[in-house]
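Undergrad: Next comes the sequence, and after it the predicted model I'd like to discuss.
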Amino acid sequence: MINLKKMLEQAVKNNCAIGSFNVYNLESIQAVIEAAQVLRQPAIISFGESYTKHAPLDVIAAIVKKYCTDSEIPFVLHLDHSKNFETIIGAIRAGFTSVMYDGSSLPLNENIEKTRYVAQIAHMAGVSVEGELGYMNNEDGTTSLDLSLEKGYTKSEDARKYAEASGIDALAIAIGNAHGIYKGIPELDFERLAEISSVVDVPLVLHGSSGIPIPSLQRAITFGIRKININTEISTEAIKTARQFLHENTQENLRFESLIKSSEETMSRVIKGYLSILNCRKNY
Ligand SMILES: [Zn+2]
């Protein structure tokens, strides 16, 4: 495993983006690893603080380390959207190679101060840090976001100041993207993305990428997006498969493990679809 900084440096060189896929259990971890190994592409295995109720950090880390330590394909184990220092320290101790501190709801100066504190500690352990600026809705998409309101979009001058002063290795921005299911077809503000990209020195991250049209994602890569987060589509497609599986297999003593295996295969297929459009195969 490598850290996020190192992985994104390669992405900058190759003008591509790395897929970051959310996991919450053994099957979702296996789906990411299988997809990345079959397509021979790097991937980020992302475990959110909000998912610690599904599995403990150290168990997730142990599974990922078992699979990825001697892998030819590079992997990053990333803590997604953490608001608590305790979780961040727990992830660093467990062996995560990257953490995200989400202070996006804080005033800019407080966000800078707290992110800098996280970066100082994480960097001593060789762990990378992603920060966030701009308003996005809840990670699980349970709160909707009125995308017509641009007041939550990341401002380029704040982004420059935040990235410089906090010492982050990657910056998540809000440019019309949101977590969860989009009501219409999302439109990214490419002008704003270009402006942010021109003043910020660290690689940029796009959250909420499920449901953004593929050509828009590819265009965002040409403007400097280097990490693309996919969560919702993997999860909702797995549910569709489970529904179909239960519809087709109505026998009384159906086995649970056969159901979760069918969903794991679907998760892997969705991940392969995204990996194949990110253009990161070469030079890894
Ligand atoms: Zn996110």
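TA: Okay, I see it.
Undergrad: C-alpha only now, for contacts and for neighbours.
TA: OK.
Undergrad: pLDDT on the helix ranked longest in the chain, on average?
TA: Secondary structure of the chain read by DSSP state H shows that its longest helix is helix 256-275. Averaged over helix 256-275, pLDDT sits at 97.
Undergrad: And for residue 113, nearest residue in space, chain neighbours not counted?
TA: Spatially, and ignoring its direct neighbours in sequence, residue 113 is nearest to residue 166 (6.9 Å; C-alpha to C-alpha, 6 or more residues apart in numbering).
Undergrad: Contact partners for that neighbour?
TA: When contacts are counted by C-alpha atoms under 8 Å, 6 or more residues apart in numbering, residue 166 touches 112-113, 115-116, 119.
Undergrad: and if we set it to 7 Å?
TA: 112-113, 115-116 (C-alpha atoms under 7 Å, 6 or more residues apart in numbering).
Undergrad: so how far is the strand or helix carrying residue 158 off the chain centroid?
TA: In this structure, residue 158 sits in helix 156-166 according to DSSP states H and E. Chain-centre distance of helix 156-166: 21 Å, with C-alpha atoms, centre = their mean, to the nearest Å.
Undergrad: Span of stretch 242-261 from start to end?
TA: End-to-end distance of stretch 242-261 (C-alpha to C-alpha, to the nearest Å): 9 Å.
Undergrad: And the contacts of that stretch?
TA: residue 263.
Undergrad: and that stretch, which residues are buried?
TA: 242, 245, 259-260 (16 or more other C-alpha atoms under 10 Å).
Undergrad: Quick check: of those residues, which lies closest to residue 10?
TA: Residue 10 lies nearest to residue 260 out of those, by C-alpha to C-alpha, at 34.6 Å.
Undergrad: any idea how far the closest one lies from residue 4?
TA: For residue 260, the distance to residue 4 - C-alpha to C-alpha - is 30 Å.
Undergrad: Show me where the chain has its strands.
TA: For the chain, the strands defined by DSSP state E cover 18-22, 43-48, 75-82, 98-101, 128-133, 170-173, 204-206, 225-230.
Undergrad: Nearest to residue 197, out of those strands?
TA: Nearest to residue 197, of the strands of the chain and by C-alpha to C-alpha, is strand 204-206 at 7.5 Å.
Undergrad: what's in contact with the closest one?
TA: Taking C-alpha under 7 Å, 6+ apart as the rule, strand 204-206 contacts 170-173, 224-229.
Undergrad: Give me the buried entries from these.
TA: 170-173, 224-229.
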